Every structure is written in structure tokens, then in C-alpha cells.
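>>> Okay, structure incoming, though there's no sequence with it:
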């Protein structure tokens, strides 16, 4: 990764538990983005007295971006997450809203809504089905990151 | 002979060298979110430790790791801050930290297991490898169902093996030199009045091998630089007085290194506020004698003229002597409305009279505003004043109220003593005269009168006069019993 164009992502706590870990991992794995550690984000949240479910304001996002040297800050909210029981298979469902902020200015750059079901990936019979919500969140993360790059986001090395 | 031995050993070493990695990994206990935020999965932790050891990775013993966690008060699993990651490298001499989170672990409706693994380099706290995945019983279908997993215990090694497939084959122990770490910053207070003291304290963490600092500055506003003084080891602080103008001032930490490099960290904004918040009280009720009057419940609505966040507020209701009849106070946002039920602190009804409602608010800079309003409490019913006099052909009954509160409705019903209604009358204006025709002289029946009255506040009263003629003239005085003039012995 080009250190001059250091691309550091930071996930906000509202999104950190299940999906946040998966999304951070995928960002790091797919595009080589450097993701700030959850511990650092939590420490700053505690210092700024932001509750885990509270959304930071624009000044607080600037502080987080500056302290973590993060160019991009991603926050999100899981709107839907369940596992429906199908015919001898489990159909996980997940819906997320992601917001991308500029770490320097705190301004919102992008927002994405994405919803998928495990059965959306069925190829034939039971082949291709996604049976766990963790695996579904990983696939959705890949899809959204691909979509971001397709719409103009640059990879760190570019 | 020795030459023959050295050659096979050299070949063996060259074959094993790529697989055996001379790195040390600290495998932290795996967080298990399926058991709540404090869940831990020791089975998976042991599995990972064993798997890494089989790969030739040196793993920090569990007891040393637990001791380290206790010493550094690490209470949460699944993640570490940069500070702790660097500490692992220094204290345990580990090159990497492996962190894991079980995101999903369930038997029903179908066995499923999901987790995230992250490998972090301790020399620069950078993530070098991470994997996420989930597997369900339905994902694994073998021929004739041979060796298919039955429970999550069977799924655990399957998923762990899947994730570890991409474990980096070559691991660099040294990364980029991390920059100096800002551990904590504290800017307080964030809202001040002109001339108030503001202070900022920062704690830095020098990183081994990192550049040394030459100057620690605080930039307040756009061009005001303050030299931060060392308070204790790696802790710097400075205080200053807020300027005389209102507004938000940005504060940034500037670190200058010996090499000439400068780093800037935005600490936050603080607000200088010299203007008190403005609001008024809106009280709904009937206006009586220039006061807002009520009899039961008084809604009090604060109306902002220039809304702003508050630090605290208080509302007190005082009588004319300044005694507090009711009160409440709180921190933060002002409630949208208050309701006073006309009661004292002991829950009894407060006496009728004029009360002051005093609402005091303080904004975050402690600027104070007081809004007051006077109200009239009247929860006793009106007192009917009934007089009668004999006219030429009628008995003239005059009806009035002793209160100042206007009457909304009155009714009067005159009956004979046997219940026959002689006259009914009603209206909304007082005083009023009611003319009652005299009965024939041969009729011995008495007049009864029932008067009902309701004031504009809703207080109601009903009064019955058994003999209306008694009001005409005073009854003959009964002879007064003579008082004892002098004491006499009882016996």
C-alpha cells in the first residue's frame, strides 16, 4: 500500500459487532485498506462520551478521523437480520445502511442501502445457498465494496 | 564421514525452513458474541493455539497471556487498542497478536458457526491478515452422508481450517515505524463564558524506535499557539482564558519532531458563549383580574425564542410569602411541558391565591435565565349570596356570589315543601333578582329553594334553603338562657 495515500478506515461502534468485524475484514482483505482497530475506536468513543448506539456529530467525526489518521470513516446500521427456516435449509436475511464520511471534514460522502437473502444466491436446487448470516454479511460486504469501486472509489494503491 | 552427515542435514533444513516460521504469536481468548458481550470460547482458542503450533509458529503460553491481560486490565475480548498491541510486543515479546470473534454459534434451527480472525503485527499495530466466514450443517453434504457434521462442535474445526488456509506463508516481523501515539486528550470545559479558564491535557505514548519529540504545542483558534508543559511523564497540559467574543474555537495538538516533521491532531472545539438563553412561559387558562386562573391542573409550557442546549433547569412555584409549594429540577434538556396540580409538597390542595411560577435555566456555559409568571389558584367553589325581601306582590330574591371569580352558570329552583315546582330560573349573569309570586294566604306550605352555581373555572356548588321566608326577616330571638353569675359548690 502506498504510504503517501494511506487509506485508513474506521468503523463506528453502532456497526461494530457482527457486521462491523466482517466488513472491516473484507475491506482489509479485498482492497488492502488499513482498518483502525476496534479498541482505538472504542477508546475515542469513551473519551468523547459517545454511547455505543449514539451517532457522533460532525465535530466528533473530525476528532475520530484526526486521532486515528483515518481518511474515511464508515458507520452503519443493521436494519434487518434474521434467519428464516426454509425447507430443510436456513435462509438468512440481512439489510444494512452504510454511511461514508470524510475523516478530515466530517462530511457525509456516500450512503448505501443493501439487503440480501441467502436464497438470492441459489444456483440450482440447494447449490449456492448461503446458510449463515455471517457468510451472508461477508458476501454483502464484497458486493458493496465492489460497487463502491465501480462507482468511482479508488483503491489505496491507485 | 562428517561431510556425508552435513549434506543431508542441510537439505533437510532447506526443506523445512519455508514451513517453520520463526515468529511468536499471542493468541488471545476468542470472544464469543453468541454468549453475550462477555462471552469467551476457550475451545476455539485452544484449537487455534494447537493449529498454529503445528504450523511451527511459537505461541505465547496461555497463563502468561492471562497474566498480561489482568495486569493491563484488558476486560474485553475480540479487539485491542494500539496501546495494548504495542504493549504485547514489549512485555510478551510477541511478533503478532491473533484476535478472534465468534459471530454466530447456534444448534437450532440448524447447526451454524461463524467467526472472524485477525492477525495484528505488534511492531506497528497494523492488521496483516484477516478472515471472516461462516459454515452451516447444510453447507456440508458428503456422499452417503459419511462424516457429515452433526453439531457446532463438528463445525468448529471445519471453519477454522477453512479460514486458516489463507494464513500468510511469509510474515514480516518488522513493519513501518509507528508514529507517536496520542493516548488520550482532554479539553475542558467545552462551553465557557468569556474570561473563563479552559484547559487541555494530552497523554502521549512514545513508541520504541520512533522519532523523538522536540515541541508539543496547542493551537487555539487559527493562529494562537500555546506551549504545552510536561505535567508528568508523557503527559502535557496547558490552560488559558477564553476570549471576549462569542463563537466556536478549534483546538489542535501539534507535535514537532527532531527531524522537523510535524503532526497535527484535531482535539475538538470549545464554545465561548456570553448570551443567556431566551424563553418565556406559556400558561393556558382563564384570565381573571389580569391573572391566568385555574382550579385543578395548570399546564406550563416553556416557549423558546432562541433554542439552545441546556446544562440544567429548575421550576419552582411560590406563594406570596415566598414559600415553595412545588418544584422540580433536572439536568439536560427542558421537558416540553410541566403540569402543576395545585398541590403542596405534602399532596394536599394548596390554598386559593396568587402564585409565582419561576423557571430558571442554565445553558452549557452556565449563563442563566429566569422566566416568571403569576397565576391565580381558585379551587374552592363559589359562595352563593342569597337575600330575600317582600315586595308588593312578589317575594324578591336577590342572587349573587361572594367571590371575585365570574360565574359561568347559575340556576335556581323554588319548590313547595311537598315537591311541587313553583318556579325555575337560570342564567350566567350575577347579581340577579328573582320574583316569586306569593301563594294564597290559605296555603300553609313553605317555600324551598335550591341554588346551583358554577364559576368560569369549573368550581361548582349547590345550596338548599329549606324555608325561603326565613331570609325575609330575622326569626324571633329565642330567650337567652341566663348565664351563671357566680360559682356554686357542686354538692
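Cool, got the structure. Nothing here was measured: the structure is a model prediction, and the numbers come from that model.
>>> residue contacts, the closest residue to chain B within chain A?
Using Cβ to the nearest Cβ, the single residue of chain A nearest to chain B is residue A:134, 2.7 Å away. No exception for glycine: its C-beta is placed from N, CA and C like everyone else's. Residue A:134 makes contact with A:18, A:22, B:103-104, B:112, B:114-115, B:132-134 under the criterion Cβ atoms under 8 Å, 6 or more residues apart in numbering or on different chains.
>>> Same check on residue B:220?
B:226, B:240, B:249-251.
>>> how about the strands in chain A?
In chain A, the strands defined using DSSP state E lie at A:8-11, A:34-35, A:72-85, A:90-102, A:108-117.
>>> Neighbouring strands - and their directions - for the strand or helix carrying residue B:240?
If you go by DSSP states H and E, residue B:240 is part of strand B:235-241. Strand B:235-241 sits in its sheet next to strand B:197-205 (antiparallel), strand B:229-232 (antiparallel), going by DSSP bridges.
>>> do you know which of the ones you listed lies nearest residue A:55?
strand B:197-205 (25.4 Å; Cβ to Cβ).
>>> now the angle between strand B:235-241 and the very next helix or strand once past that closest one, please.
Downstream of strand B:197-205, the first helix or strand assigned by DSSP H and E is strand B:213-220. Strand B:213-220 runs at 30 degrees relative to strand B:235-241, counting by axes from the mean of the first three to the mean of the last three Cα atoms, to 10 degrees.
>>> ok, how many other residues are close to residue 97?
If you meant another chain, say so; for now it's chain A. Using other Cβ atoms under 10 Å in any protein chain shown, residue A:97 is surrounded by 15 other residues.
>>> meant chain B, my bad for not saying
24.
>>> That one sits in which helix or strand?
Using DSSP H and E, residue B:97 falls in strand B:96-106.
>>> out of the strands paired with strand B:235-241, deepest packed?
strand B:197-205 (a mean of 17; mean count of other Cβ atoms under 10 Å in any protein chain shown).
>>> contacting residues for the nearest residue to residue A:38 once chain neighbours are set aside?
Nearest-residue entry for residue A:38: residue B:79, 3.6 Å, with adjacent residues in sequence omitted and distances by Cβ to Cβ, 6 or more residues apart in numbering or on different chains. By Cβ under 8 Å, 6+ apart, the residues touching residue B:79 are A:37-39, A:42, B:31, B:99, B:101.
>>> can you do 10 Å?
When contacts are counted by Cβ atoms under 10 Å, 6 or more residues apart in numbering or on different chains, residue B:79 is found next to A:16, A:21, A:24, A:37-42, B:28, B:31, B:85, B:99, B:101, B:118, B:120.
>>> mind listing the helices for chain A?
A:21-31, A:38-47, A:58-68, A:133-150 (DSSP state H).
>>> now the ones you listed in TSV, with mean pLDDT?
Below are those laid out as TSV (pLDDT from 0 to 100):
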stretch	mean pLDDT
helix A:21-31	66
helix A:38-47	87
helix A:58-68	90
helix A:133-150	86
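>>> Tell me which of those helices lies nearest to residue B:164.
Taking the helices of chain A one by one with Cβ to Cβ, helix A:21-31 is closest: 14.1 Å.
>>> on that earlier part again, using CSV, lay out the strands of chain A together with distance to chain B and mean pLDDT.
Formatted as CSV, these follow (distance: least, Cβ to the nearest Cβ, whole Å; pLDDT from 0 to 100):
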stretch, distance to chain B, mean pLDDT
strand A:8-11, 10, 51
strand A:34-35, 6, 80
strand A:72-85, 5, 86
strand A:90-102, 5, 88
strand A:108-117, 14, 89
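>>> For those, could you give me a markdown table that also reports distance to residue B:399?
Formatted as a markdown table, those follow (distance: least, Cβ to Cβ, whole Å):
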| stretch | distance to residue B:399 |
| --- | --- |
| strand A:8-11 | 79 |
| strand A:34-35 | 86 |
| strand A:72-85 | 69 |
| strand A:90-102 | 71 |
| strand A:108-117 | 72 |
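>>> Quick check: which of these is nearest to residue B:36?
Short answer: strand A:72-85, nearest of those by Cβ to Cβ, at 16.7 Å.
>>> Please identify the pairing partners of the closest one and their relative orientation?
strand A:8-11 (parallel), strand A:90-102 (antiparallel).
>>> Next, count neighbours for the spatially closest residue to residue A:132 that is not a sequence neighbour.
Closest residue in space to residue A:132, ignoring its immediate chain neighbours: residue B:134 at 3.3 Å, by Cβ to Cβ, 6+ apart. By the criterion of other Cβ under 10 Å, residue B:134 has 27 neighbours.
>>> quick one: residue B:134 and residue B:114 touch, right?
Yes - if you go by Cβ atoms under 10 Å, residue B:134 and residue B:114 touch, sitting 3.3 Å apart.
>>> Quick check: neighbours shared by these two?
A:22, A:132-138, B:103-104, B:155, B:159.
>>> For residue A:59, state which of the residues you listed is nearest.
Checking the shared contacts of residue B:134 and residue B:114 one by one against residue A:59 (Cβ to Cβ), the nearest turns out to be residue A:22, at 29.1 Å.
>>> which residues does residue 129 contact?
Went with chain A since none was named. A:86, A:89-92, A:117-123, B:136, B:138-139.
>>> my bad, the chain I had in mind was chain B
A:25, A:28-29, B:96, B:98, B:117-121, B:163-164, B:166-168, B:171.
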